[in-house]
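> Predicted model and sequence follow; I will ask about them next.
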Amino acid sequence: MRERGVGALLSLLRQGLALEIGFGTRSVEALLWVAETVEEAVYAPGSMVRTERGVRFELSNPPLRAGAFGAVRAWVDGTPVDPRAVSVREGAGTPWRAAASISQREPLALRPGQAAEVRLEPVTAPGPGRLTVRLELESVAIPPLVWLEFSDEVREPGGPA
Amino acid sequence: MSAPSSTVAGRNPAPGLLRTLASAVLLDGRGDVELLRETRGAEIDWGGVYAQHVRLTGPWRISIEVDGTSVDLPSSVMSTDLEGDRFRSLHLVGGLRLVQRIVPLASPPGAVRTLTITSAEAAAKPVCVTSRFVPYLLPVMVEGIRPVDFLVETGVSGLRVRHRGFALGFTSDVLPSRLYVDRASWRGGRRRGRAAEIASDHELRVGAGVSAEIRFLLVGGLERDLDHTPRTPGTSIPDPETVAGQLALEEAAWSGLRPELAFPDAPELERAYDQARSALRRLYTQPAPGMTGLVAGYPWYSTIWCRDLAWMLPAVLWLGDHAWVSAAIDSVLRLQATRELELLGAEAGELPMQISPGPVFLFGTSDTTLHYPALALRSLRHSGAAGSTGSWKEALERAIAWGERRTDPRTGLFRNGGEVALLERAAQRYARVRYGIDAPDTTIWDSTDRRDHAIDLQVLWWEALRAAVALEGPGTDAATHRRRTLLIDQLEGSIRGLYRWPEEGYLYDSLRAGEPVRRLRPNALRAVSAGLFEPEVARAIVRRASAEDLTTPWGVRTLSSRDPGYRADAYHDGQVWTIATAWAADAAFAAGERELGLTYLRTIAARLATEAGGANECYRGDRPEPYDSCFLLGFSVAPFLTVIFERLWGLTPDATVPRLEVRPGFPPSWRSASLDGLRLGDGRVSLRFRDGELEVGWTGPRPLELVGRRDRASVPGGSRARISAR
């Protein structure tokens, strides 16, 4: 483990202890439940699959904020993806919608518990290994940007999750 | 909200809220537990059962199958009735008459739902009742996310659904004949995995003249609490009418102790007072032992937000519920960060943004902490109970020290902004999946950037410092006292000297990097309310705010419509917020513009009347249409109540003396008004205003020092006195 990782872990432990002393074990435990839920309930872990010209992955929920979004942007390993190369659909069998067509007037609605599939293509074909994706969504009603960043191994189509 | 309402099929009814101190049921009155609301620009269903600030379920729907045909409740509804905290609906299904009742339950927290079915036909016939609900099991504040995986298990007393420490229990007095998860038949036992819908069939036989009834109980919240609750066998599910009766008695007992107002010259304000008082009561919450407060609103803010609580508690003090306020302040101060907690985004001395019986949620607001010193002082002045403020002393000292660390030594100005940076840092270090909302600043208008020295934050800081000085005891050292008083003077000078906006006759919204932020917002009115400007300047500011770019017939916008960044549908950059209207009323009275103040109060009263006692959070800036708005928000009722007591009646209490200053802001045309049952310390005050004179009654053990504009009197307990009201 790298030094920074050990440091972070120790810091986490120290802060956890401080929280326990301040608020009791139960508050810390409950915060952990929520954090874990959010971590696993937005980006569907293991869903990143290589496509012919890019990647595809699933969201199980909107990232933190529900509602209508007037813009969706994506980055792959820190490089912005052309909006024409970003598409979203509600699930298999539903039509893809290009991010370039999403606007304040024609927003994308994401509701709690509503799954969505995101396709990034064409993007520079990622090599083997992990990929970091950042998604940014702009609510039509509340300005601050909502964002989500995650890393996962890219699977080959049909490969094990 | 508590007023009886009736609807018939086909109409679009108002949102329905059934609640106890620990639970709520949200529905739309069409016959099922569902509630579609425009939310952040999209329609989202907020219907469901909520308990301990955890959303237990999404929509909970019931359908009836008879003679091979399945009918849902909304399509068979004949009438509905929402009275107090009981919903009742009548349905006709294939010759059957169904009466549905739904009530919230406090302990265990959740809801009871019953169907009573009768048939006029001679032969008995089978009826299948199907219940379907969407499991949620996450604190309400995580508004955009529904967990994916659940543990579902059956046992002797029904169904349990669990997700990471949150759980619900579902049982019925007619056992299910079949169970389904995601529309697939499930034979029961233990199942872990995805679950978007849990359903059960219940078979009944309905005979001639004999009614059949099925009762459902859905409870939950924190798993540990649910598992320690004695399990309720299906046969002992409480009767909803008994529950509703008990809740009505509790409400009547609470209401009976609140002040009563009469405004013969403004009956609409009198009605609005009653409606706002009832609406505020509906936000009361005590989700678990040791946690007391008011939820911020419904549906998506139904948890304790400590900033919102701070805006509500002054009104609760005026309503005389001193114990509730004391317990609420206790609940918040107990969760103060005593050192930096990067994990929560907390600095030492900071008070949390949100609390719940489960997790303590995030800190990182710039204003929440600043409210509490003045709130503690208010509490002391209403209740006279120094005991509480003594126990809060250390926490309040830490809060002031937090503010001092955020103060610019050159100006005394408090710095807001950058609060989220600490959280960002924590996320970088610890999280596998990073997520966030890019809010560089977290004042009350937390979706817009108001760095570095927002005007209302300076007023809050000034009030906090003054409260700290007022609360100083013998233990306060002279150096601390001197430092604070100097800071108060410095801050006053900075507010008066740095925020004047001569071109607009108004105040800048903020200062950033030493430069004024020329945005016209209602927040500047808080400086007028605080009395920081001389009368002529104060009047000019108030009049400027009343121009139509900021003030609309349905309330006050968050930003002038002339601002290049104005958008009619922007949450904090154009929408109308009722709290801003209340600020405008408060400032107008403070500046002596009584008619204008009254106009603003009437604007709020009109909203309350239109919304049948509900109070939307916000409206579009270009038309009186709620947009991205909770249908009931504490912000929208409590400040209105506070203005009625503090400005219209002109009351300033100090129960430690006891003393009451009375300087009514009634317009000259008003002939009479009365106020009964106002609590001050151990006594109660009654006020009768008639033709410029005030008659004051007092019941306390010590004489009341009564101070008017021109004269004063001492009122012994059990007697009355008269002073001039002009």
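Structure received. Because the structure is a prediction, the values reported are computed rather than measured.

> helices or strands next to whatever helix or strand B:R191 lives in in the packing?
Assigned by DSSP states H and E, B:R191 falls within strand B:190-194. Applying 3 or more C-beta pairs under 8 Å, 6 or more residues apart in numbering or on different chains; DSSP states H and E, one finds that strand B:190-194 contacts strand B:149-155. Quick note: C-beta positions are derived from backbone N, CA and C, even for glycine.

> Okay, now the sheet partners of the strand it packs on, with direction.
Sheet partners assigned to strand B:149-155 using DSSP bridges are listed as strand B:158-163 (antiparallel), strand B:190-194 (antiparallel).

> ok so, going back, what about the strand holding B:R191, average pLDDT?
For strand B:190-194, mean pLDDT rounds to 97.

> what's around B:R482, how many residues?
By other C-beta atoms under 10 Å in any protein chain shown, the residues close to B:R482 number 10.

> any idea which element B:G220 lies in?
strand B:212-222.

> What is that strand packed up against?
strand B:48-51, strand B:54-66, strand B:110-119, strand B:125-139, strand B:166-172, strand B:198-206.

> And for the helix or strand just after it, what's in contact with it?
Next helix or strand after strand B:212-222 toward the C-terminus (DSSP H and E): helix B:223-228. For helix B:223-228, the surrounding residues in contact (C-beta atoms under 8 Å, 6 or more residues apart in numbering or on different chains) are A:26, B:52, B:108, B:160, B:162, B:165-169, B:219-220, B:288, B:357.

> what element comes up after helix B:223-228 heading to the C-terminus?
Heading C-terminal from helix B:223-228 (DSSP H and E), you reach helix B:240-256.

> How about that next one, which residues are buried there?
Residues B:P240, B:V243, B:A244, B:L247, B:E251, B:W254 are the ones in helix B:240-256 that count as buried (16 or more other C-beta atoms under 10 Å in any protein chain shown).

> was I right about the fifth one contacting B:R277?
No - the pair formed by B:E251 and B:R277 falls short of the contact definition of C-beta atoms under 8 Å, at 11.2 Å.

> Name the stretch among the strands paired with strand B:149-155 that sits most buried.
Comparing the strands paired with strand B:149-155 by mean neighbour count (mean count of other C-beta atoms under 10 Å in any protein chain shown), strand B:158-163 ranks first with a mean of 22.

> contacting residues around it?
Contacts of strand B:158-163 (C-beta under 8 Å, 6+ apart): A:37, B:135, B:137-138, B:147, B:149-154, B:167-172, B:179, B:195, B:198, B:200, B:217, B:220, B:223, B:226, B:231, B:234.

> Mark which of the residues you listed are buried, thanks.
Buried residues within the contacts of strand B:158-163, defined by neighbour count using 16+ other C-beta under 10 Å: A:37, B:135, B:137-138, B:147, B:150-152, B:154, B:167-172, B:179, B:195, B:198, B:200, B:217, B:220, B:223, B:226, B:231, B:234.

> follow-up on the earlier one: can you add distance to B:A540 and give the strands paired with strand B:149-155 back as a markdown table?
Compiled in a markdown table, these are given as follows (distance: least, C-beta to C-beta, whole Å):
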| stretch | distance to B:A540 |
| --- | --- |
| strand B:158-163 | 56 |
| strand B:190-194 | 62 |
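
> ok, B:G717 touching B:G700?
Yes - the pair B:G717 / B:G700 is scored as a contact, 5.1 Å apart, by C-beta under 8 Å.

> higher neighbour count, the two?
Set side by side, B:G717 and B:G700 show more neighbours around B:G700, with 20 against 14, by other C-beta under 10 Å.

> and the more buried one, helix, strand or coil?
coil (DSSP: H, G, I helix; E, B strand; the rest coil).

> ok, now B:S278?
Three-state call for B:S278 (three-state DSSP): helix.

> tally of neighbours for it?
Neighbours of B:S278 (other C-beta under 10 Å): 19.

> Distance-wise, check it relative to B:A252.
From B:S278 across to B:A252, the span is 11 Å (C-beta to C-beta, to the nearest Å).
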